[in-house]
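*Asks:* requesting a structural model of the entry that follows:
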Amino acid sequence: MAIYYLSINNISRGKGKSAVAAAAYCAGEKLYNNFNGKTYNFTKKEGIIHTEILLPANAPAEYKDRSTLWNSVENAEKRKNARLIRDIMIALPNELPMSECIALAHNYVQKTFVDKGMCADICIHSPQHEQKNIHAHILLTTRPIKEDGTWGAKTHSEYILDKNGNKIYDEHRRRYKRHTVYITDWNARDKVEEWRKAWADHLNAVIIDKVDHRSYKRQGKLIKPTIHMGSTATEMERKGIRTRKGDINREIKYVNKRITSLMKRLDELDDFIMKMESIYDKNNFAMTLIRLHENGIMFTGKSGHTLSTLNKASKLSNLPKLIEFVQEHKIANLSELKVKNAATIETLSIHKEIVKKKQNRIKVLKELLNNYAYYRNNKPVYIKWKSITNQKKKDSFYNKHHGEISLYQTANRLFNTSLDDKRITPIDWKNELTELEEATQNEHIKIDSLDNDISIMETIIYNIEKLVKNELKSQKVYLGRISENEPKMGKANLDHECNFQI
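*Replies:* Presented below is the predicted three-dimensional model:
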């Protein structure tokens, strides 16, 4: 079954990235970067199925060459923090032949990006794993191309005018106020939504099981999405090594499966109750349960059926528990049972939302604590590297301690982006994590209780249907015998004789 996956990342020079390096990696080629004088060789990379470059009509033909295209992009950007590439990765449907996957990716990129003026480099990967993971990297240019084939500007500046159309002078900065205007709409907020929906539409045109580009929350679904594993964690899981991300995903999948199963049972129960309302209208459930138990004993002698031979009927052996349930919740008839069922659905939804929020926070805290170890252990190396003033010595030190420095920088970026107050408090995180995990377990206990309520309601409605049908069948047989033996008996007498208790 196809899954929906689309991620968007920006490759920028400010983060130490290179357009040529990204293209070489995705295509599995050896490319030289004219801008920084470095060569990137990824010719040993396996699993690359297909590569192609798509160009808009006004792009130079030489951009069909990967090295020429991305070196041109590098040279067009002068700023040290310039955004070089927009990298989009999509998951392709495993059930389609590879030729159809290639065509699907080609059509999506052509219509969504190239026809809008972007150059696109498509690289389709199919890693050789037990589980297929066919995906495509789509590298997109961020500058428009002018009619003469040269790179255009990304933005231009305009004066801010007052209500009379006059320029506004900023006395503090001693200049007229201006604002930046983007040449294209490629950076507009709604573009991501548009691109995501376009991919869903292209997928749904060729697959049977339809997908939705929206999150579960936006779709109104209670289930919680799993987290992206990443290549390292995925490879470890394939080798049978449990990972933190894998454990989180297993917990999320378990909760999702549990909630989905309970919701399905509640929906089926609601349909069952509506069906039974047309043939059962008594208003004393407690007496009905007692009568059902007596009927079960009666059926033992008359028809060879016992409570134990009827599916789920064995639970009627705990008659006091069932009677306690209907009395505690003031359920006297099917309408009130239906109200209880609806309330259970609502309560289950509330608990699901609570668990989801707690799981989200637990995921964040575990990520913070995991990165704190990298932050603490590698900070001295990072500080030493920063303190070196001689550039050659600094570069040499970096080459020897690249891993430690990268781990520290990654952790530090996480803290800077995810912590509102920027304070690093691992002890507080551990305490909060412990409290949340205990609270989550309590929520699971509450869900277990709802599961028990659902089982009791299923037992009640199931046995009402089965045993009522048996008594109605017995009544029909009885009426037939009376008709054969006493054909002259009046209708009033028949009705009186057939007044069974249910």
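
*Asks:* which of the residues in stretch 178-187 are buried?
*Replies:* Under the neighbour-count criterion of 16 or more other C-beta atoms under 10 Å, stretch 178-187 has Thr184, Trp186 buried. Placement of C-beta: from N, CA and C, glycine included.

*Asks:* pull that stretch out as PDB, backbone CA atoms only.
*Replies:* The C-alpha trace of stretch 178-187 is given here as PDB (Å, rounded to 0.1, in the frame of the first residue of the first chain):
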ATOM      1  CA  ARG A 178      11.600  50.300   2.200                       C
ATOM      2  CA  HIS A 179      10.400  46.700   2.100                       C
ATOM      3  CA  THR A 180      11.400  43.600   0.200                       C
ATOM      4  CA  VAL A 181       9.300  42.200  -2.600                       C
ATOM      5  CA  TYR A 182       9.800  38.700  -3.900                       C
ATOM      6  CA  ILE A 183      10.000  38.300  -7.700                       C
ATOM      7  CA  THR A 184       8.300  34.900  -7.600                       C
ATOM      8  CA  ASP A 185       5.800  33.400  -5.300                       C
ATOM      9  CA  TRP A 186       8.000  30.300  -4.600                       C
ATOM     10  CA  ASN A 187       8.600  31.300  -1.000                       C
END
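
*Asks:* just how off-centre is the helix or strand containing Asn107 within its chain?
*Replies:* Assigned by DSSP states H and E, Asn107 belongs to helix 98-112. In terms of C-alpha atoms, centre = their mean, to the nearest Å, the centre of helix 98-112 is set 24 Å apart from its chain centre.

*Asks:* that one: which residues count as buried?
*Replies:* The neighbour-count check on helix 98-112 (16+ other C-beta under 10 Å) flags Cys101, Ile102, Leu104, Ala105, His106, Tyr108, Val109, Thr112 as buried.

*Asks:* wait, isn't the third one in contact with Asn204?
*Replies:* No: taking contact to mean C-beta atoms under 8 Å, the distance of 11.2 Å between Leu104 and Asn204 leaves them out of contact.

*Asks:* show me what contacts Asn187?
*Replies:* Listed by C-beta atoms under 8 Å, 6 or more residues apart in numbering, the contact set of Asn187 is empty.

*Asks:* and it, what pLDDT?
*Replies:* What the model reports for Asn187 is a pLDDT of 84.

*Asks:* low-confidence ranges, this structure, go.
*Replies:* 1-2, 128-132, 208-256, 277-320, 421, 463-502 (pLDDT under 70).

*Asks:* just the helices in the stretch 1-150 of the chain please.
*Replies:* For the stretch 1-150 of the chain, the helices defined by DSSP state H, counting those that start in this stretch cover 19-27, 66-76, 98-112.

*Asks:* quick check: longest strand of this structure.
*Replies:* Secondary structure of the chain per DSSP state E: the longest strand is strand 83-91.

*Asks:* now that one: how far from the chain's centre is it?
*Replies:* The answer for strand 83-91 is 20 Å, by C-alpha atoms, centre = their mean.

*Asks:* strand partners of it, parallel vs antiparallel please.
*Replies:* strand 6-12 (antiparallel), strand 135-141 (antiparallel) (DSSP bridges).

*Asks:* buried ones in the first one?
*Replies:* In other words, strand 6-12. For strand 6-12, using 16+ other C-beta under 10 Å, the buried residues are Leu6, Ile11, Ser12.

*Asks:* let's have those in CSV, adding distance to Lys146.
*Replies:* CSV is the format used below for the buried residues of strand 6-12 (distance: C-beta to C-beta, whole Å):
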residue, distance to Lys146
Leu6, 30
Ile11, 23
Ser12, 23
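
*Asks:* with those in mind, which one is nearest to Lys197?
*Replies:* Closest approach to Lys197 among the buried residues of strand 6-12 (C-beta to C-beta): Leu6, at 9.9 Å.

*Asks:* and the closest one, what does it touch?
*Replies:* Per C-beta under 8 Å, 6+ apart, neighbours of Leu6: Ile88, Met89, Ile90, Ala91, Trp195, Arg196, Trp199, His213.

*Asks:* mind redoing it with 6 Å?
*Replies:* Counting by C-beta atoms under 6 Å, 6 or more residues apart in numbering, Leu6 touches Ile90, Arg196, Trp199.

*Asks:* and if you look at Cys119?
*Replies:* For Cys119, the contacting residues are Leu55, Ala59, Thr141, by C-beta under 6 Å, 6+ apart.

*Asks:* also Asn33?
*Replies:* Counting by C-beta under 6 Å, 6+ apart, Asn33 has contacts Ser18, Val20.

*Asks:* can you name the residues bridging to it?
*Replies:* Lys38.

*Asks:* distance check, it against His50.
*Replies:* As judged by C-beta to C-beta, to the nearest Å, Asn33 and His50 stand 24 Å apart.

*Asks:* picking that back up, ok and the helix holding Asn107 relative to strand 6-12, angle-wise?
*Replies:* 60 degrees (axes from the mean of the first three to the mean of the last three C-alpha atoms, to 10 degrees).
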